[in-house]
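Visitor: structure, please.
(2 chains)
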Protein chains: 2
Amino acid sequence: MTEIKSLGQLAELVRARRFVTRIAVAVAEDAHTLDSLGRAVNEGFVRAVLIGDSQKIAALCTQEGLDPAAFEIIDQPDELAAAALAVQLVKSGQADSVMKGLLSTDKFLRAVMHKERGLLPAKTVMSHVCVLEIPRYHKMLFISDTAVLPFPDLDQKVAMINYCVAMARGFGIACPKVALITATDKVIGSIPNTLEYAQISRMAVRGQIKNCVIDGPLDFFLACDPSAGAIKGVQTPIAGDADILIFPNLECSNSFYKGLMLFAQGELAGLIQGTQQPVIVMSRSESTLSKYYSIALACKLAGDQ
Amino acid sequence: MTEIKSLGQLAELVRARRFVTRIAVAVAEDAHTLDSLGRAVNEGFVRAVLIGDSQKIAALCTQEGLDPAAFEIIDQPDELAAAALAVQLVKSGQADSVMKGLLSTDKFLRAVMHKERGLLPAKTVMSHVCVLEIPRYHKMLFISDTAVLPFPDLDQKVAMINYCVAMARGFGIACPKVALITATDKVIGSIPNTLEYAQISRMAVRGQIKNCVIDGPLDFFLACDPSAGAIKGVQTPIAGDADILIFPNLECSNSFYKGLMLFAQGELAGLIQGTQQPVIVMSRSESTLSKYYSIALACKLAGDQ
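Guide: Sure thing, here's the model as predicted:
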């Protein structure tokens, strides 16, 4: 497999495939969402079903210079009903992926997680992975959890790692390097995550987590700066070359990646993990380009299946 | 007062003053520490007392191209004794500031916090403030807590805010904008920090925290990206123009600022807060320039007194 080394390359891959992914969008009356979908539709790798207030959707299309006829539009002004319908289209095989529009992540995910009518298998951890491209880092960074689990416990952290590893392997990285991120490389009782990270590192030694190299606790410099190990006198197989960063909680991952988006010219592609089909949830404040890359990521995974 | 708008300007200010700050360094046998001190001594605003293994210190000076005669060197190879002596020099008025060298922050701070022989007044919150300069942000960012309090409680968060506000005002910002950072702008039970932030915002309304504008909970985009408020439909007096970011915990602040140091060409100056005299604690992996700026910040505060 050729390694995918940038988000541009990811988009190129899905454009080059013949596979057209059908995406159902819940509450689609959002300019940035329509812009990013419009691009994917024009490039031929997406067919989009827009569910929401059809008048608002049509008006926004005109405003954004998009042809409403490029989309299928279903009028359903009620946001909960729109979310339920979008999920149902995927559940019934009429769409391959579902995307959040202009409603809260909470409400949208409730439809995705619905016991009978949702897309999450029983006893499956739902999480979120972001693939970051940062000009000053020498490779892409897979980070988690960036949207769903506020304070993941041990089992959820292990699930997060497995999702990241699977995605990185899908990008052609056979044995990704996983850094368990906190404020220190020491195992100390006053920071409980460091205790959990010690447990996870040991689980990896015992072969309970496969297809990757894991080390933690680590601080961000040891994970991503090749010179940090020597300066700090810490030996780690990650050695400033991490592919995957696992964060202790949502507050931590959220401010981390947003800082890099705004100040380090980062772009990202993000996707819900654990669901039967790809689920796209983007923050309203994400760039149109990041939304487009997230669509491309969903299309890659839908096409891989 | 002229506003200090960059770390370079901060260093210029202390260079231009006649005041020479006497810094006692605990376990000084560290190349980066000696480099940054050497520059400050050469520029005439610091007199440094190096405490540690005098042979190692002399050898490192030679290695780094520094003249050992530029420093006063006291031989004390035991690191705890070196830390205690450095603090004692400040306590007795023979030095104005104390700086951590090659020993753990924990051990160093234990000397600083010692009940009888330390520098922390009784019932005072000890915390840490960093001043970040990030090329892509339009102003300097004061952030806390970046080194001392792993999980600050309500009172400690209020103390952190007051320290940041005092420091920002010392930089000439009369009424700094304080953003209470978490993953969301909503007050939600599943993220307890958002509840505390709601309490703090209310305390500010009641006049319990002065000389600043406070809003929270906020995510990082609402704090530092002027376009985020309109996109998210959130009204906040911070409006992407934050001077101060308060973080929920050390894991969060640590990965945030380290990400920006490595990927956004950031530099910083950091200082312990709450002590009778400026205390400098730098991570070993900080750049020599950031160490130099931290020394300059300590000198500014010592000179302000």
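Visitor: phi and psi next, for the residue nearest to A:D35 when sequence neighbours are not counted.
Guide: For A:D35, ignoring the flanking residues on the chain, the nearest one in space by Cβ to Cβ, 6 or more residues apart in numbering or on different chains is A:T288 at 4.8 Å. Yep, even glycine has a C-beta here, placed from its N, CA and C like the rest. Here is the backbone geometry of A:T288 (degrees, to the nearest 10): phi -60, psi -40.
Visitor: the one 3 residues further on too?
Guide: Geometry field for A:K291 lists phi and psi as phi -60, psi -40, criterion degrees, to the nearest 10.
Visitor: poorly predicted segments of chain A, please.
Guide: Flagging of chain A using pLDDT under 70 yields the residue ranges A:1.
Visitor: just the strands in it please.
Guide: A:21-26, A:46-52, A:72-75, A:97-100, A:127-133, A:141-144, A:177-181, A:213-218, A:244-246, A:267-273, A:279-280 (DSSP state E).
Visitor: how close does the residue of chain A most remote from its centre sit to chain B?
Guide: Going by Cα atoms, centre = their mean, the residue of chain A most distant from its centre is A:G233, 33.7 Å out. A:G233 sits 8 Å away from chain B, going by Cβ to the nearest Cβ, to the nearest Å.
Visitor: and for A:I244?
Guide: A:I244 is 14 Å from chain B, by Cβ to the nearest Cβ.
Visitor: domain map for chain A?
Guide: Per automatic domain parsing, the domain ranges recorded for chain A read A:7-120+A:275-304, A:127-263.
Visitor: which residues sit in contact with the residue in the stretch 51-200 of chain A positioned nearest to chain B?
Guide: Nearest residue of the stretch 51-200 of chain A to chain B: A:A183, at 3.8 Å (Cβ to the nearest Cβ). Shown in contact with A:A183 (Cβ atoms under 8 Å, 6 or more residues apart in numbering or on different chains): A:I191, A:D219, B:P150, B:L250, B:E251, B:S253, B:N254, B:S255.
Visitor: check A:M160 too.
Guide: A:V125, A:S127, A:V129, A:S144, A:D145, A:L149, A:P152, A:I246, A:Q273.
Visitor: how about 10 Å then?
Guide: A:125, A:127-129, A:143-146, A:148-149, A:152, A:178, A:244, A:246-247, A:253, A:273-274 (Cβ atoms under 10 Å, 6 or more residues apart in numbering or on different chains).
Visitor: which residue sits closest to it, ignoring its sequence neighbours?
Guide: A:S144 (4.3 Å).
Visitor: quick one: the helices in chain A, in order.
Guide: A:7-16, A:31-42, A:54-63, A:79-91, A:105-113, A:154-170, A:192-205, A:220-224, A:228-232, A:250-263, A:288-304 (DSSP state H).
Visitor: bridging residues for the residue nearest to A:M160?
Guide: A:S144 has the following beta-bridge partners by DSSP bridges: A:V129, A:I246.
Visitor: what about it, neighbour count?
Guide: The tally of other residues near A:S144 (other Cβ atoms under 10 Å in any protein chain shown) stands at 27.
Visitor: with the one 4 residues further on instead?
Guide: Taking other Cβ under 10 Å as the criterion, the count of residues near A:V148 is 22.
Visitor: one step back: so the residue nearest to A:M160 sits against A:S253, correct?
Guide: Yes. Judged on Cβ atoms under 10 Å, A:S144 makes contact with A:S253 at a distance of 7.2 Å.
Visitor: name the residues contacting each of the two.
Guide: A:H128, A:C130, A:M160, A:L245, A:I246, A:F247.
Visitor: hmm, back to that, mind checking how far the residue nearest to A:D35 is from chain B?
Guide: Taken as Cβ to the nearest Cβ, the span from A:T288 to chain B is 11 Å.
Visitor: check contacts around that residue.
Guide: A:A31, A:H32, A:T33, A:L34, A:D35, A:S36, A:G38, A:R39, A:E64, A:M282.
Visitor: in PyMOL, how would I select the buried members of the residues you listed?
Guide: The PyMOL command for the buried members of the contacts of A:T288 (criterion: 16 or more other Cβ atoms under 10 Å in any protein chain shown) is given here:
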select buried, chain A and resi 32+33+34+35+36+38+39+282
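Visitor: farthest-apart pair in the contacts of A:T288, please.
Guide: A:E64 and A:M282 (16.5 Å; Cβ to Cβ).
Visitor: related to what we said a few turns ago, how far away is the residue nearest to A:M160 from A:V178?
Guide: According to Cβ to Cβ, to the nearest Å, A:S144 and A:V178 sit 10 Å apart.
Visitor: repeat that for A:D243.
Guide: 7 Å.
Visitor: which of these two has more neighbours?
Guide: A:V178 (30 against 23).
Visitor: for beta bridges, what are the partners of that one?
Guide: A:I214, A:I244.
Visitor: same check, this time on A:L218
Guide: Per DSSP bridges, the residues bridged to A:L218 are A:I181.
Visitor: pretty sure it sits against A:N193.
Guide: No. With contact defined as Cβ under 10 Å, A:L218 does not count as touching A:N193 (11.4 Å).
Visitor: identify the contacts common to these two.
Guide: Shared contacts of A:L218 and A:N193, counting by Cβ under 10 Å, 6+ apart, come down to A:L180, A:I181, A:T182, A:A183, A:T184, A:I246.
Visitor: can you select the buried ones from the residues you listed in PyMOL?
Guide: Burial among the shared contacts of A:L218 and A:N193 is assessed by 16+ other Cβ under 10 Å; the matching PyMOL selection reads:
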select buried, chain A and resi 180+181+182+183+184+246
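Visitor: what is the most widely separated pair among the shared contacts of A:L218 and A:N193?
Guide: A:T184 and A:I246 (15.0 Å).
Visitor: now the contacts of A:T288 in CSV, with distance to A:T2?
Guide: As requested, those are exported to CSV (distance: Cβ to Cβ, whole Å):
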residue, distance to A:T2
A:A31, 35
A:H32, 31
A:T33, 30
A:L34, 32
A:D35, 29
A:S36, 25
A:G38, 28
A:R39, 24
A:E64, 34
A:M282, 27
